[in-house]
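Peer 1: next one to model:
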Amino acid sequence: MGRGQAATAGPALSQRKEDRAILTGDRRLNILTWHVHGTYLNNLCQVEHNWYLPVKPGRPVGYGGRGHTFDWPDWVIEVPAEEVRHLNLDLILYQSVANYTQDQFEILSPVQRQLPRIYLEHNVPRPHAVATRHPVDDPDVLLVHVTHYNRLMWDAGRTPTALVEHGVWVPEGVRYTGELERGVVVVNGMQNRPRITGYDLVLDLRGRVPLDLIGIQTEELGGLGDIPHRQLFATEARYRFFWHPIRYTSLALAMLEAMMLGMPVLCFAVTEHPRVIQDGVNGFISCNVEELVEKMHLLLRDRALAIEIGRRGRQLVEERYNMRRFVRDWDEILRSVAGVRRPSVAAAALREATR
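Peer 2: Model (predicted):
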């Protein structure tokens with residue numbers, strides 16, 4: 001188990017602080033993971049542990065390291081992939097099939113592959129919603145899902161499962177204004193997954209409703225392209241509504257972030273969405289495209305209604321998907337799997353008294 005130095009004021013002081021860390025469980029874990037889902041990792045690395053990201057020349061998929069469009073804390077550390085096997089790690093966090101079936105055998109040592117392990121599943125099961133077996137089949141790996149729907153539908157076999165619902169945040173001072181009488185869609189690479197992402201629906205509705213597109217490859221469709229995450233919120237907050245056109249999806253962080261801004265959102269009544277959106281109360285939800293088109297035009301006509309729907313949506317997201325809960329849940333799971341307990345209130349008081 002890796003253990004960071006608590007101070008630099010001499011070995012005796014360092015040892016005393018380190019001994020207290022062992023007693024209270026108050027130390028950072030050394031965790032290896034891959035850069036798979038940038039926005040999720042942006043939230044996950046708010047959990048205050050040492051996050052090691054492997055990198056390769058050219059930064060191929062999974063080896064991109066620190067995202068250049070994000071502002072990540074100093075405890076997110078890039079490591080050349082060939083050096084990973086020399087790290088003193090506590091836990092391995094897989095986030096894709098490639099991480100689990102290929103990457104670990106390429107960059108981890110045999111000892112590291114036996115460390116405590118978590119597989120974070122971001123997605124809904126495919127190709128079949130109810131009969132798809134998860135690629136992890138190991139009682140010694142914890143499979144963490146991000147929605148209740150995903151946990152219900154994946155066939156996990158003998159692999160134990162847990163749930164950590166999303167946590168989202170938006171920059172201070174950035175809130176919904178809605179002065180643009182247009183809707184916005186935020187999806188990456190929808191052309192590559194046309195049926196899933198609702199690409200056909202977007203093309204159709206753009207001729208009937210004023211819509212702008214944001215995300216990777218949207219510039220090919222006359223959209224705004226990939227706007228850096230730190231600038232995204234101020235851009236989308238000016239639009240009257242947010243439409244999430246994906247037919248079969250896990251719960252999108254982009255939609256929750258829009259709700260956190262106070263934007264009214266529209267989506268299909270699929271997967272986890274009905275647990276989040278109450279139609280006509282904190283958003284609009286339906287499997288009838290024409291019903292959603294009608295609600296889009298209603299929001300364009302009635303800005304006051306858009307503001308009220310957005311306010312209720314923000315209230316739900318602040319209560320259920322706040323970062324405080326997200327960080328707490330993840331910290332508990334990481335420490336539990338790694339076998340290092342979380343500091344108690346008494347331990348926190350001890351730290352204050354002995355500083």
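
Peer 1: identify the bridge partners of the nearest residue to residue 258 once chain neighbours are set aside.
Peer 2: Leaving aside its sequence neighbours, residue 258 sits nearest to residue 242 (C-beta to C-beta, 6 or more residues apart in numbering; 3.9 Å). C-beta: built from backbone N, CA, C; applies to glycine. On the basis of DSSP bridges, residue 242 is bridged to residue 184, residue 265.

Peer 1: isn't residue 242 up against residue 187?
Peer 2: No. Contact criterion C-beta atoms under 8 Å: residue 242 and residue 187 do not qualify, at 11.1 Å.

Peer 1: what about residue 259, which SS state?
Peer 2: helix (DSSP: H, G, I helix; E, B strand; the rest coil).

Peer 1: who's in contact with it?
Peer 2: 242, 265, 282-283, 310, 313-314, 316-317 (C-beta atoms under 8 Å, 6 or more residues apart in numbering).

Peer 1: which ChimeraX command selects the buried ones in these?
Peer 2: Only the buried entries of these go into this ChimeraX selection, using 16 or more other C-beta atoms under 10 Å:
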select :242,265,282,283,310,313,314,316,317
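
Peer 1: out of the contacts of residue 259, list just those in helices.
Peer 2: 310, 313-314, 316-317 (DSSP state H).

Peer 1: tell me the one of those residues nearest residue 52?
Peer 2: residue 317 (30.6 Å; C-beta to C-beta).

Peer 1: now do the contacts for that closest one.
Peer 2: Residue 317 neighbours (C-beta under 8 Å, 6+ apart): 168, 256, 259-260.

Peer 1: for it, give its distance to residue 108.
Peer 2: 37 Å (C-beta to C-beta, to the nearest Å).

Peer 1: what do you get for residue 90?
Peer 2: Counting by C-beta to C-beta, the gap from residue 90 to residue 108 is 13 Å.

Peer 1: hang on, the earlier thing: and the contacts of residue 259 as a markdown table, adding pLDDT?
Peer 2: Shown next, in a markdown table, are the contacts of residue 259 (pLDDT from 0 to 100):
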| residue | pLDDT |
| --- | --- |
| 242 | 98 |
| 265 | 98 |
| 282 | 98 |
| 283 | 98 |
| 310 | 98 |
| 313 | 98 |
| 314 | 98 |
| 316 | 98 |
| 317 | 98 |
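
Peer 1: now distance to residue 211 too, for the contacts of residue 259, in a markdown table please.
Peer 2: Below are these laid out as a markdown table (distance: C-beta to C-beta, whole Å):
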| residue | distance to residue 211 |
| --- | --- |
| 242 | 10 |
| 265 | 14 |
| 282 | 21 |
| 283 | 17 |
| 310 | 18 |
| 313 | 19 |
| 314 | 22 |
| 316 | 24 |
| 317 | 23 |
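
Peer 1: which of the contacts of residue 259 sit farthest apart?
Peer 2: 242 and 316 (14.5 Å).

Peer 1: before we move on, the earlier item: the more surrounded of residue 90 and residue 108?
Peer 2: Shown here are residue 90 and residue 108; by other C-beta atoms under 10 Å, residue 90 has more neighbours (24 against 19).

Peer 1: check what pLDDT that one gets.
Peer 2: On pLDDT, residue 90 comes in at 97.

Peer 1: residue 305: helix or strand, and which one exactly?
Peer 2: Assigned by DSSP states H and E, residue 305 falls within helix 303-320.

Peer 1: next, the angle helix 303-320 makes with the following helix or strand past that helix.
Peer 2: Beyond helix 303-320 on the C-terminal side, the first helix or strand identified by DSSP H and E is helix 323-338. If you take axes from the mean of the first three to the mean of the last three C-alpha atoms, to 10 degrees, helix 323-338 sits at 30 degrees to helix 303-320.
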